[in-house]
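Q: predicted model follows, preceded by the sequence.
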Number of protein chains: 2
Amino acid sequence: MPSTPDTALHDNAARPSRREQILRAAAQLFAERGARAVGVDDVGAAVGVTGPAIYRHFASKDAMLAEMLLRISERLLAGSAEVVAAAGDDAAAQLRALIAFQVEFALDNPALITVQDRDLGVLSEPDARRVRQVQRRYVEEWVAVLARLHPEAPTAACRARAHALFGLINSTPHSAGRLARPAMARLLTGMAEAAATAPIC
Amino acid sequence: MPSTPDTALHDNAARPSRREQILRAAAQLFAERGARAVGVDDVGAAVGVTGPAIYRHFASKDAMLAEMLLRISERLLAGSAEVVAAAGDDAAAQLRALIAFQVEFALDNPALITVQDRDLGVLSEPDARRVRQVQRRYVEEWVAVLARLHPEAPTAACRARAHALFGLINSTPHSAGRLARPAMARLLTGMAEAAATAPIC
DNA sequence: CGCTCAGGTTAACCGCTGTTCACATCCGGG
DNA sequence: CCCGGATGTGAACAGCGGTTAACCTGAGCG
């Protein structure tokens, strides 16, 4: 094994290296057909290379998926932390910021959204654990804000509400492209804010 | 081929025949690990039988999945039609009925929800087309009601809104069991109604 | 010039899993 | 009592797809 090519600490993301090309193409293919249904030959062909060439850049197909999912989660977590911090102390403003952020991400990356919650199950247990851990932290970011908005609600209710909001916003892959992007963004934002602030009844 | 066992027109669903046992067990396994990840041996073992025995009841693994998905869609479509008809002419009442129906289904069958939108892609194209056709009719049921509630909104917006509501309600598999069922039902219903009636902004 | 190393290629391997086959077994009816 | 159909079993088959091995090329460089 020549110096473990999967650690990926060596190269910045400035120009799209072969590695990055592969990751992007794979995300697209995985989203369309499901990770198990696309072969390494397919991924290779998508970047103009034969299948086994992939192993010069990733230790295995699973490692590729793992890195892909981990990056998504980390991107979401980092973005949400930044956006909440920039929103000051107002819980309502923080919520609006989180919603706007998630809507933008879901509209920009429907493929990643799809892969993220369809193919988590194909990861090895250690890899899956790592991804879930980051995801959990992202959810808790939302739960904290929702808890301040609904002081009387139990934490479990806030967590369920957060998941429901994710489901709402992450519906973008299902209603693809039928509506212009700005209209879609307004619609999802409006619905999410209404659902997030609805009383518990 | 002994008289095409997959047509399933011969037996009512009164007592859980072997066929029904298999379908139920398979739904559970498919939901947990994904349809491609479970083998026929797994399904067989789940009902106390070896793998190849499945072929006495289904023409293939794919046929099994196809029947499962088709049934889900048909159940939803039939239920929604009935519930809307029973709600009279008030669009708001129809919406509440649809939401209550979908919430109940999602809470009762999280496994089916999961399989439905994760494994549609593994079906053969003809089978997938059949399932999508029924799904489309279900969506249109919602769109019709939403269109009456938002007369000024374009149809595409109503369709996107319907998909967003499905995403919200179908989040049950992700927030499994943490909250008591009645509380969960109230929460989802309240959020969905708020999101469904939110103005377009 | 010749060495090294990154990145590719083709061919082969091999394990897994859907499917089939030939053979039991059980049971209801003539 | 024996026959036939439904149901199940274990063994074998076959194809697919991830992974590896052996070999090639071209660029940088002392």
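A: Sure thing, it's come through.
Q: ramachandran coordinates for whichever residue of chain A sits closest to DNA strand C?
A: Nearest residue of chain A to DNA strand C: A:Thr50, at 3.3 Å (Cβ to the nearest atom of the strand). Just so you know, the C-beta spots here come from the backbone N, C-alpha and C atoms, and that holds for glycine as well. Backbone torsions for A:Thr50, taken as degrees, to the nearest 10, come to phi -80, psi 170.
Q: give me every residue that touches it.
A: Taking Cβ atoms under 8 Å, 6 or more residues apart in numbering or on different chains, we find A:Thr50 in contact with A:41, A:44.
Q: need the three-state assignment for A:Arg186.
A: helix (DSSP: H, G, I helix; E, B strand; the rest coil).
Q: re the thing from before, need the pLDDT of the residue of chain A closest to DNA strand C.
A: Here, the pLDDT recorded for A:Thr50 equals 97.
Q: tell me how far A:Ala53 lies from B:Ile200.
A: 49 Å (Cβ to Cβ, to the nearest Å).
Q: for chain B, see how far away A:Pro185 is.
A: Small correction: residue A:185 is Ala, not Pro. 10 Å (Cβ to the nearest Cβ, to the nearest Å).
Q: that residue against A:Leu107, yeah?
A: Yes: at 6.2 Å, A:Ala185 counts as touching A:Leu107 under the criterion of Cβ atoms under 8 Å.
Q: does A:Ile169 touch A:Leu188 like I think?
A: Yes: with contact defined as Cβ under 8 Å, A:Ile169 counts as touching A:Leu188 (5.6 Å).
Q: need the overlap of contacts for the two.
A: By Cβ under 8 Å, 6+ apart, the residues touching both A:Ile169 and A:Leu188 are A:103, A:106, B:164.
Q: narrow the residues you listed to those in helices?
A: The members of those that map onto helices under DSSP state H are A:103, A:106, B:164.
Q: between those residues, which is nearest DNA strand D?
A: Checking these against DNA strand D by Cβ to the nearest atom of the strand gives A:Ala106 as the nearest, at 27.6 Å.
Q: residues touching the closest one, list them.
A: Listed by Cβ under 8 Å, 6+ apart, the contact set of A:Ala106 reads A:113, A:169-170, A:172, A:188.
Q: which residue packs closest to it, ignoring adjacent ones?
A: Closest residue to A:Ala106 apart from its sequence neighbours, by Cβ to Cβ, 6 or more residues apart in numbering or on different chains: A:Thr172 at 4.5 Å.
Q: before we move on, what about A:Ala45?
A: A:Gly51 (7.9 Å).
Q: quick one: the one you found from A:Phe58, how far?
A: Distance from A:Gly51 to A:Phe58, by Cβ to Cβ: 12 Å.
Q: repeat for A:Leu146
A: 38 Å.
Q: contact partners for the residue nearest to the spatial centre of chain A?
A: Chain A has A:Ile72 as the residue nearest its centroid, 4.3 Å off, counting by Cα atoms, centre = their mean. Each residue near A:Ile72 by Cβ under 8 Å, 6+ apart is listed here: A:109, A:112, A:115-116.
Q: okay if I get these as a markdown table plus distance to A:Asp90?
A: Shown next, in a markdown table, are these (distance: Cβ to Cβ, whole Å):
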| residue | distance to A:Asp90 |
| --- | --- |
| A:Asn109 | 28 |
| A:Leu112 | 30 |
| A:Val115 | 34 |
| A:Gln116 | 30 |
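Q: compare the residues you listed and tell me which is most surrounded.
A: Counting neighbours by other Cβ atoms under 10 Å in any protein chain shown, A:Val115 leads the contacts of A:Ile72 with 25 neighbours.
Q: now the helices for chain A?
A: Under DSSP H, chain A gives helices at A:18-33, A:40-46, A:61-86, A:91-108, A:110-118, A:125-149, A:155-169, A:181-197.
Q: can I get the ones you listed in TSV with mean pLDDT and distance to B:Val131?
A: Putting these into TSV (pLDDT from 0 to 100; distance: least, Cβ to Cβ, whole Å) gives the following:
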stretch	mean pLDDT	distance to B:Val131
helix A:18-33	97	16
helix A:40-46	98	24
helix A:61-86	98	26
helix A:91-108	98	25
helix A:110-118	97	17
helix A:125-149	98	28
helix A:155-169	98	21
helix A:181-197	98	25
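Q: for the ones you listed, which one ends up most surrounded?
A: Counting by mean count of other Cβ atoms under 10 Å in any protein chain shown, helix A:155-169 has the highest mean neighbour count of the helices of chain A, with a mean of 24.
Q: quick one, that helix and helix A:125-149 angle?
A: 100 degrees (axes from the mean of the first three to the mean of the last three Cα atoms, to 10 degrees).
Q: show the contacting residues for the nearest residue to A:Pro154 once chain neighbours are set aside.
A: Once flanking residues are discounted, A:Pro154 sits nearest to B:Leu179: 7.9 Å by Cβ to Cβ, 6+ apart. By Cβ under 8 Å, 6+ apart, the contact list for B:Leu179 reads A:154, A:156-157, A:160, B:187.
Q: repeat for A:Ala156
A: Residues in contact with A:Ala156, defined by Cβ under 8 Å, 6+ apart, are B:178-179.
Q: same check on A:Pro173?
A: A:Pro173 makes contacts with A:31, A:110-111, A:113-114, as judged by Cβ under 8 Å, 6+ apart.
Q: how far away is the residue nearest to A:Val143 when sequence neighbours are not counted from B:Ile169?
A: Residue nearest to A:Val143 in three dimensions, not counting chain neighbours: A:Cys158, with 4.8 Å by Cβ to Cβ, 6+ apart. Distance, A:Cys158 to B:Ile169, by Cβ to Cβ: 18 Å.
Q: try A:Ser124
A: Distance, A:Ser124 to B:Ile169, by Cβ to Cβ: 32 Å.
Q: then A:Leu77?
A: Distance from A:Leu77 to B:Ile169, by Cβ to Cβ: 26 Å.
Q: same check, this time on A:Ile54
A: Taking Cβ to Cβ, one finds A:Ile54 at 39 Å from B:Ile169.
Q: again, but for A:Leu165
A: 12 Å.
Q: same question, A:Val143
A: Noted for A:Val143: a distance of 20 Å to B:Ile169, by Cβ to Cβ.
Q: what of A:Lys61?
A: Taking Cβ to Cβ as the measure, A:Lys61 falls 34 Å from B:Ile169.
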